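Asker: pasted the sequence and its predicted model underneath.
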Amino acid sequence: MTQKLFLEDSYLKEFEAEVVSVNDKYVVLDKTLFYPKSGGQSNDTGTLTRLSDNKEFQVVFAAKINDDISQEVNESGLQVNDKVHGKINWERRYKLMKLHTAAHVLDAVFHEDNGVLITGNELTQEKGRIDFNLKDFSREKVQAFIDKANEIINKDLEVKNYSLNKEEAMKIPGIIKLAKAAPPDLPILRITEISGLDTQADAGTHVKSLREIGKIVFLGIENKGKDRKRVYFDVQ
Ligand SMILES: [Zn+2]
């Protein structure tokens with residue numbers, strides 16, 4: 001199992017690790033800061049530099065394979081037991097952390113309105129997208145939700161991450177805000193809590209306080225069907 005350093009501290013930018021398996025351009029390390037594409041959040045990119053000869057490999061993609069994280073690099077050559085210095089593209093990751101945390105605030109605001117749930121989401125470096133099972137959908141209504149989310153961001157609430165056993169976690173109202181999501185099949189859940197606002201079972205990367213998000217900017221809406229009212233947003 002790859003040790004997931006981004007869960008321990010989402011602000012780390014560099015790390016040292018050892019290669020444990022290689023399949024052509026796909027490399028598994030004993031530990032990593034590269035967030036794999038999952039939960040709607042895009043993967044990290046960056047570099048792995050081999051310590052023995054300073055050869056640099058570009059990390060172009062990262063994916064979760066069972067409990068491991070596989071880094072795809074731009075060329076083959078890394079070998080098992082190689083020691084590497086890893087560096088993530090921080091500008092990209094920090095933007096994703098802001099979008100991801102902004103998505104939590106939006107989820108909470110939408111959820112307050114008749115228990116609206118999320119039916120899909122995608123966060124890339126360019127923008128965020130969330131689908132809601134909202135019935136009454138208009139630009140004005142979504143703009144009002146986003147204004148409310150920005151008021152909450154201005155309160156600069158603290159964002160905390162911790163672990164709870166599943167039994168305790170499932171007692172928290174609204175812990176699962178994804179429609180149709182079964183509770184994760186794990187004994188210990190990682191919880192992300194925005195003080196006084198929202199608590200979710202979640203293994204993504206977040207900023208430490210809401211003020212870091214800046215401001216949510218409303219980009220547009222799209223009606224993709226009964227349970228898929230799509231909202232596009234950015235942060236700046
Ligand atoms: Zn999250």
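Answerer: Sure, I can see it.
Asker: tell me the secondary structure at the closest residue in space to Glu72 that isn't next to it in sequence.
Answerer: Residue nearest to Glu72 in three dimensions, not counting chain neighbours: Phe61, with 4.1 Å by C-beta to C-beta, 6 or more residues apart in numbering. (Each C-beta comes from the backbone N, C-alpha and C, glycine too.) The three-state label given to Phe61 by DSSP: H, G, I helix; E, B strand; the rest coil is strand.
Asker: pull the number of nearby residues for Phe61.
Answerer: For Phe61, the count of nearby residues is 17 (other C-beta atoms under 10 Å).
Asker: contact partners for it?
Answerer: Residues in contact with Phe61 (C-beta atoms under 8 Å, 6 or more residues apart in numbering) are Lys37, Asn43, Thr45, Gln71, Glu72.
Asker: how far away is it from Val235?
Answerer: Between Phe61 and Val235 the computed distance is 24 Å (C-beta to C-beta, to the nearest Å).
Asker: also Val59?
Answerer: 24 Å.
Asker: cool, Ile194 as well?
Answerer: Counting by C-beta to C-beta, the gap from Ile194 to Val235 is 15 Å.
Asker: and what of Val19?
Answerer: 35 Å.
Asker: tell me the confidence at Gly220?
Answerer: We have a pLDDT of 96 for Gly220.
Asker: which residue is nearest the middle of this protein?
Answerer: The geometric centre of the chain, computed from its C-alpha atoms, lies nearest to Gly204 (C-alpha atoms, centre = their mean), at 3.5 Å.
Asker: that one: what's it in contact with?
Answerer: Tyr35, Gly39, Gln41, His100, Thr192.
Asker: dump these to TSV, plus pLDDT.
Answerer: Output for those, formatted as TSV (pLDDT from 0 to 100):
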residue	pLDDT
Tyr35	97
Gly39	86
Gln41	93
His100	94
Thr192	89
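Asker: just these: which are in strands?
Answerer: Thr192 (DSSP state E).
Asker: from the contacts of Gly204, which land in helices?
Answerer: Using DSSP state H, the members of the contacts of Gly204 that fall within helices are His100.
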